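> Need a 3D model of the sequence below.
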Amino acid sequence: MGKNLEINEKLQKYIDNFSLKLNPIQQEIIDYNNKLGNEKRMQVATSQCHFLHLIVKTSNIQNVLEIGTFTGLSALSIALALPDNGKLIALDNNEETNKVAINFFKKAHQNHKIETITKPALESLEELKNNKFDMIFIDADKMNYKEYYERSLKLMDKGGLIIVDNVLWHGEVADEDILDKYTVNIREFNAHVEEDKRVEQIIVPLGDGMTVCRIL
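Numbering: from 1, shown residues only. Alright, predicted model coming up:
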């Protein structure tokens, strides 16, 4: 049976050298986040940026909802892959980081594709209940993951994709001795999705782990 490689820093640099190159504004966001201290952990990994880009391109996705935007790296990665008439609605509850994200979107000339909504995501999801999306990316407060997932299912038709970040939670989900509320919640969420007959799903070990669900 094949074994997954352990990706160390040297190998990651090699992968980066032979992979899709970041847009200069994507790199600016990463450089900005690196100065934020512990908060930079909220940023998606470069490999996830490339993965989201590829999914949007290959699946002919045009309408996307993002739940949790931070300073805009994942949103910009998605927007850059969308066609010129594509649309991304980005939800976040933090006005300060939302302003930072909007500035980056404008700098990358992608703001015409992106609409930001700054309020609690559950309120926004209620307001968007009559909309339909081709893809939804969930990367927000972990304790509400199940609710975000259930609401997302109602916003999609057959074949739609739900992608959820942080499902491996630093690897702690596999350690049964770790029982803090966040780890337990992610564990329970993963079990909920695995048992859900409305979707077919895989966990992709990129960044902190991403679950990709396809609506049946």
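> where exactly do the helices run in this structure?
9-17, 24-33, 46-58, 73-81, 95-107, 121-127, 145-153, 181-194 (DSSP state H).
> which one of these lies closest to V167?
Evaluated over those, closeness to V167 peaks at helix 181-194, with 5.7 Å, by CB to CB. (C-beta placed from N, C-alpha, C; glycine too.)
> Mind checking the pLDDT average for the closest one?
Per-residue pLDDT over helix 181-194 has a mean of 97.
> what do you get for stretch 197-216?
96.
> distance between it and the chain's centre?
The chain centroid and the centroid of stretch 197-216 are separated by 12 Å, computed with CA atoms, centre = their mean, to the nearest Å.
> Let's see the distance spanning it from one end to the other.
One end of stretch 197-216 sits 8 Å from the other (CA to CA, to the nearest Å).
> Please point out which parts of it sit buried.
Across stretch 197-216, burial judged by 16 or more other CB atoms under 10 Å covers V199, I203, L206, G207, D208, G209, M210, T211, V212, C213.
> again with stretch 165-176
Neighbour-count burial for stretch 165-176 flags D165, N166, V167, L168, W169, E172, V173 (criterion: 16+ other CB under 10 Å).
> Tabulate these (CSV), appending pLDDT and distance to L11.
Formatted as CSV, the buried residues of stretch 165-176 follow (pLDDT from 0 to 100; distance: CB to CB, whole Å):
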residue, pLDDT, distance to L11
D165, 97, 22
N166, 97, 22
V167, 97, 23
L168, 96, 19
W169, 96, 23
E172, 95, 23
V173, 96, 24
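> Between those, which sits nearest T118?
Nearest to T118 among the buried residues of stretch 165-176 is D165, at 19.9 Å by CB to CB.
> Now the residue nearest to that closest one when sequence neighbours are not counted. Its backbone dihedrals?
Nearest residue to D165, sequence neighbours excluded (CB to CB, 6 or more residues apart in numbering): D139, at 4.0 Å. Backbone geometry at D139, expressed as degrees, to the nearest 10, gives phi -150, psi 60.
> related to what we said a few turns ago, now for the buried residues of stretch 165-176, which pair is the farthest apart?
Among these, D165 and E172 lie farthest apart (CB to CB), at 15.0 Å.
> In the chain, what helix or strand scores lowest on average pLDDT?
Every helix and strand in the chain was compared by mean pLDDT, DSSP states H and E; the lowest is helix 9-17, with a mean of 90.
> Mind listing the residues bridging to the spatially closest residue to M156 that is not a sequence neighbour?
Distances taken as CB to CB, 6+ apart place I215 nearest to M156, at 5.2 Å, with adjacent residues excluded. Going by DSSP bridges, I215 is paired in beta bridges with V199.
> ok, now which ones touch I215?
Residues near I215 by CB atoms under 8 Å, 6 or more residues apart in numbering: L153, M156, D157, K158, G159, G160, L161, I162, R198, V199.
> Now with 10 Å, please.
S152, L153, M156, D157, K158, G159, G160, L161, I162, R198, V199, E200 (CB atoms under 10 Å, 6 or more residues apart in numbering).
> Check H53 too.
Shown in contact with H53 (CB under 10 Å, 6+ apart): L20, L22, N23, Q26, S77, I78, A79, L80, A81, L82.
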